[in-house]
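1. need a structure here:
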Amino acid sequence: MADCISIYEAAGWLDEMAGADGEITPNERTVMKYFAEKYRMDFSKLVRMLYAISTTREHKAQYVHPN
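-> Residues are numbered from 1 along each chain as shown. So this is what the prediction gives:
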């Protein structure tokens, strides 16, 4: 069993989480930008992957107003 994952796998997980609700918030973009800068990745590539995930995901859960 591996003790770590690659930077690209970590970026994929971040993209999955950020795109899970089908909406990319400014805060999610900020986190991705920080990650890209920290690990010297191409930010535009991460954003493209993020938007691809968010637009193709089938949303099974939805927000229900408490009232």
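
2. CA only for contacts and neighbour counts going forward, please
-> Noted.

3. how close does Ile53 get to Glu37?
-> For Ile53, the distance to Glu37 (CA to CA, to the nearest Å) stands at 21 Å.

4. for those two, indicate the residue with more neighbours.
-> More crowded of Ile53 and Glu37, by other CA atoms under 10 Å: Ile53, with 20 against 12.

5. any idea of the pLDDT on that one?
-> Looking at Ile53, its pLDDT reads 71.

6. excluding chain neighbours, what is closest to it?
-> Nearest in space to Ile53, with sequence neighbours left out and distances taken as CA to CA, 6 or more residues apart in numbering, is Gly19 at 5.8 Å.

7. and what of Tyr51?
-> Using CA to CA, 6+ apart and skipping residues adjacent in sequence, the residue nearest Tyr51 is Gly19, 7.0 Å away.

8. residues near the one you found, how many?
-> Neighbourhood size, Gly19 [other CA under 10 Å]: 22.

9. same question for the one 10 residues further on.
-> Counted with other CA under 10 Å, the neighbours of Arg29 add up to 17.
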